[in-house]
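Student: Everything below, folded, please.
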Amino acid sequence: MPPGFRGVFRHDALARAVYSEAAGVARVIPRAVAVPADTDDLVTLVRWAAAQAVPLIPRGSGSSMGGGAIGDGVIVDLGRLGGIGAVDVEARTVRVGAAVTRDALDTTARTHGLTFPVDPSSGAFATIGGMCATHAAGSRTIRHGPLRDWIVRLECVFADGTRAALRRGAPAPDVPALARLTRDVTPAVHGAAPETLRRPGVRKDSSGYALGAFAASDDPIDLLLGSDGTLAFITAVEVRLTRVPGATALALLGFPSLEAAASAAVAMADGGASAAELLDRSFLDIAASEGTDLGLPARLEAVLLIEAEGTDAADAIAQMDALVAIGEAHGATHRERAETPAATARLWALRHAASPILNRLAPRWQSLQLVEDGCVPPARFADYVRGVRAALDAAGLRGVIFGHAGDAHAHVNALVDLEDPTWRTRCEHLLEAVTTLVATLGGTLAGEHGDGRLRTPLLARVWPAASLTLFAAVKRAFDPDGLLNPGVKVPLPGAVPLDALKVDPGLPPLPAAARAALDRVTRERRWDLHRLDLLPTES
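Tutor: The predicted structure follows:
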């Protein structure tokens, strides 16, 4: 137990095992688990870790896909850092603790006629701190912009235990990490070529550090957002809110080809849609086989869920009419309007059911998030989904493509048969092919889920060497001893993307109580549950 630490600190086998996995594909057994009682307690822990050179891995709900919430160190579960402040209705802001979920924040905002428009499908359990760590997005980014546009203030604990608050547009607080940033990194960023800082045309990006946003703002908040817990602990956030739309309209459009749906989604995003979500033929077939009644005609290769926001119902319907016309001009052969709240809920439930339906295919078929966050310039999106289909075929894998097509951003789940002795080789071939595809199309490997341990070893494939040098400089400025989530954003020597995959039958089994707890979290999609609470009481 770190001296003076008031929270929970465990290094027994059960505690370590239940924090060895998150929502992604990897497993890493940590050295210990710490659950700080509050922010002061976190400062105590961080100062102890700095003095003892102990790595720390910040963690919210553990729902992240890229492997940034697991690691070889002390897992720091921030789940006790909750609390929602009073909503400032006039300023349209509210302060929330890092452990508050997106949906809890939005529910509070809606009591004042306001909403938090950043809405990942994991909003029921995605914490605000975790969303900031990965620069999460969601369905409505095409209308409301990225997460960074909605963040006013961050409260942080830095790697040396310094505690400070950063407000957007205000002078940076006097802390060593930010002084090093100004001295060692800012001039280099301003002197870098544009292609070193950003990918032209990509609408969403949480890969690497956000050098382009930082170059435009000189605000360290823009580096902390999307930093995957590698630069500081985010303990509380002040967010902006917006008014709840006067009305929305929703439609489902069906297409005879995946490429046509991809092109239509981009066009409808440019036409003012507030959401344009893709579900491909493979998902539709699996959903139907699992008992979900879709009521769709045969021979559709993809469907799009299209939403429009308006000042009132007539305005929303008029906007939807225009969007449907765009879809039909791109080849839509089926359309279905959501005329009632129940119909709207049913269509959105279909989109949000993607991951749960795929998880039900286990144990024979494992839905693996190997290439699940690629985002490309909109003009190349049809090329991307075509290339992903080809890569799945070449690897001999089934796969499902869904996601935020209006942003040219697709989630891809490979369906892997673990009884096939070549399953790992097939996975490696798929990851290799899609990484090459993303690089060729000028895209990013991570649109909204962060790099984590899965994609960090691949950054050299898609970023110029000068970018990697700046990433390392940012990391040194904030965390000179490399103790915060080491191996994420800046790769460790010898790191590989597919190391210990948690579904590998050859891995040693986890203790039964830990395995049961983790399976329950996945089965019930209760990532919000505190993992230690799911274990038997210590004797």
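Student: give me the element the residue most central in space within the chain is part of.
Tutor: Geometric centre of the chain, nearest residue: residue 449, 2.6 Å, by CA atoms, centre = their mean. Element membership for residue 449, per DSSP states H and E: none, as it lies in no helix or strand.
Student: for it, what are its contacts?
Tutor: 64, 65, 66, 134, 136, 206, 372, 373 (CB atoms under 8 Å, 6 or more residues apart in numbering). For every residue, glycine as well, the C-beta is placed using N, CA and C.
Student: so where do the helices sit in the stretch 201-350 of the chain?
Tutor: In the stretch 201-350 of the chain, the helices defined using DSSP state H, counting those that start in this stretch lie at 211-217, 221-224, 258-270, 281-289, 313-329, 341-352.
Student: Can you pull out the residues in contact with the second one?
Tutor: If I follow you right, that is helix 221-224. Contacts of helix 221-224 (CB under 8 Å, 6+ apart): 132, 148, 151, 154, 156, 166, 168, 181, 209-211, 213-214, 216, 231-232, 234, 474, 478.
Student: Over that helix, what's the mean pLDDT, rounded is fine.
Tutor: Mean pLDDT, helix 221-224: 98.
Student: is it possible to export the contacts of residue 449 to JSON lines including secondary structure, distance to residue 118 and pLDDT?
Tutor: Output for those, formatted as JSON lines (DSSP: H, G, I helix; E, B strand; the rest coil; distance: CB to CB, whole Å; pLDDT from 0 to 100):
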{"residue": "64", "secondary structure": "coil", "distance to residue 118": "15", "pLDDT": "92"}
{"residue": "65", "secondary structure": "coil", "distance to residue 118": "17", "pLDDT": "93"}
{"residue": "66", "secondary structure": "coil", "distance to residue 118": "18", "pLDDT": "95"}
{"residue": "134", "secondary structure": "helix", "distance to residue 118": "12", "pLDDT": "97"}
{"residue": "136", "secondary structure": "coil", "distance to residue 118": "7", "pLDDT": "96"}
{"residue": "206", "secondary structure": "coil", "distance to residue 118": "13", "pLDDT": "96"}
{"residue": "372", "secondary structure": "coil", "distance to residue 118": "19", "pLDDT": "93"}
{"residue": "373", "secondary structure": "coil", "distance to residue 118": "16", "pLDDT": "96"}
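Student: Which two among these are spaced furthest apart?
Tutor: 136 and 372 (13.6 Å; CB to CB).
Student: neighbour-wise, which of those two wins?
Tutor: residue 136 (30 against 27; other CB atoms under 10 Å).
Student: hang on, residue 522 packs against residue 360?
Tutor: No - look at residue 522 against residue 360 with CB atoms under 8 Å: they stay out of range, at 10.4 Å.
Student: quick revisit: please tabulate the helices of the stretch 201-350 of the chain in CSV and include mean neighbour count and distance to residue 491 as additional columns.
Tutor: Output for the helices of the stretch 201-350 of the chain, formatted as CSV (neighbours: other CB atoms under 10 Å; distance: least, CB to CB, whole Å):
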stretch, mean neighbour count, distance to residue 491
helix 211-217, 19, 17
helix 221-224, 23, 18
helix 258-270, 24, 31
helix 281-289, 18, 32
helix 313-329, 17, 42
helix 341-352, 15, 33
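Student: Of those, which is nearest residue 431?
Tutor: helix 281-289 (18.5 Å).
Student: And the contacts of the closest one?
Tutor: Residues contacting helix 281-289 (CB under 8 Å, 6+ apart): 258, 294, 296, 300-303, 350, 353-354, 357-358, 361, 398-402.
Student: and the closest residue to residue 219 other than its chain neighbours, what are its phi and psi?
Tutor: Once flanking residues are discounted, residue 219 sits nearest to residue 168: 5.9 Å by CB to CB, 6 or more residues apart in numbering. Main-chain torsions, residue 168, degrees, to the nearest 10: phi -60, psi 130.
Student: on that earlier part again, how close does the residue nearest to the centre of the chain get to residue 386?
Tutor: 22 Å (CB to CB, to the nearest Å).
Student: Following the chain past the helix or strand hosting residue 41, name the next helix or strand.
Tutor: Assignment of secondary structure by DSSP H and E places residue 41 within helix 39-52. Next along the chain after helix 39-52, taking DSSP H and E as the criterion, comes strand 56-59.
Student: what's that following strand packed up against?
Tutor: helix 39-52, strand 74-77, helix 128-134 (3 or more CB pairs under 8 Å, 6 or more residues apart in numbering; DSSP states H and E).
Student: Return the distance of that strand from the chain's centre.
Tutor: 16 Å (CA atoms, centre = their mean, to the nearest Å).
Student: Contacts for it, please.
Tutor: Residues contacting strand 56-59 (CB under 8 Å, 6+ apart): 19, 22, 30, 45-46, 49, 69-71, 73-78, 129-130, 133, 229, 233-234, 483-485.
Student: Swap in 7 Å and give it another go.
Tutor: 30, 46, 49, 69-71, 73-78, 133, 229, 233, 483-485 (CB atoms under 7 Å, 6 or more residues apart in numbering).
Student: Same check on stretch 452-469?
Tutor: Against stretch 452-469 from outside (CB under 7 Å, 6+ apart): 24-26, 64, 66-68, 192, 195-196, 207-208, 228, 435, 438-439, 444-446, 451, 487-489, 491, 495-497.
Student: quick one on the thing from earlier: tell me which residues in the helix holding residue 41 are buried?
Tutor: 39, 41, 42, 43, 44, 45, 46, 47, 48, 49, 50 (16 or more other CB atoms under 10 Å).
Student: Quick check: the fourth one vs residue 232, distance?
Tutor: Here residue 43 is placed at a distance of 12 Å from residue 232 (CB to CB).
Student: Touching both of those two, which residues are there?
Tutor: Contacts common to residue 43 and residue 232, judged by CB under 7 Å, 6+ apart, are residue 157.
Student: Would you confirm that residue 93 contacts residue 150?
Tutor: No - if you go by CB atoms under 7 Å, residue 93 and residue 150 don't touch, sitting 9.7 Å apart.
Student: thought residue 384 was touching residue 375?
Tutor: No - the criterion here is CB under 7 Å, and residue 384 misses it with residue 375 at 8.6 Å.
Student: which one of these two has more residues nearby?
Tutor: residue 375 (29 against 26).
Student: With distance to residue 97 as new columns, can the helices and strands packed on strand 56-59 be given to me in CSV?
Tutor: Output for the helices and strands packed on strand 56-59, formatted as CSV (distance: least, CB to CB, whole Å):
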stretch, distance to residue 97
helix 39-52, 9
strand 74-77, 13
helix 128-134, 8
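Student: Which of those sits closest to residue 327?
Tutor: helix 128-134 (30.3 Å).
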